[in-house]
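Q: could you work out the structure for the sequence below:
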Amino acid sequence: TSTETAVILSTEAFFGMLASILILNEQITSTLLIGALLIFTGILIVEVDFLEFKRVWRKMNEEKESND
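A: Here you go, the predicted structure:
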């Protein structure tokens with residue numbers, strides 16, 4: 001889908017940064033790390049269904065409590 005394509009393309013900057021560090025011996029700066037964090041935060045926001053995650057988390061906790 002177009003959303004999946006956008007997510008893949010949004011990682012281009014991260015992998016470009018990683019390649020520059022590994023191939024060109026670029027210095028890792030706070031700006032690079034913050035940028036990588038922002039990219040992955042954006043990907044998580046788009047890809048993770050937080051309501052489903054919350055439902056599964058509650059179910060796991062209920063099962064754990066019933067086993068105790």
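Q: can you give me the helices for the chain?
A: In the chain, the helices defined using DSSP state H lie at 2-10, 12-24, 30-47, 50-67.
Q: those: lowest mean pLDDT?
A: Looking at the helices of the chain, the lowest mean pLDDT belongs to helix 2-10 (a mean of 79).
Q: turn the helices of the chain into CSV, columns for mean neighbour count.
A: Any C-beta I mention is one placed from the backbone N, CA and C, and that applies to glycine too. CSV is the format used below for the helices of the chain (neighbours: other C-beta atoms under 10 Å):
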stretch, mean neighbour count
helix 2-10, 10
helix 12-24, 12
helix 30-47, 12
helix 50-67, 9
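Q: now the most centrally placed residue in the chain. Nearest residue, chain neighbours left out?
A: The residue lying closest to the centre of the chain (C-alpha atoms, centre = their mean) is residue 40, at 3.6 Å. Nearest residue to residue 40, sequence neighbours excluded (C-beta to C-beta, 6 or more residues apart in numbering): residue 14, at 7.3 Å.
Q: hmm, residue 36 and that neighbour touching each other?
A: Yes: assessed by C-beta atoms under 8 Å, residue 14 is found in contact with residue 36 at 5.5 Å.
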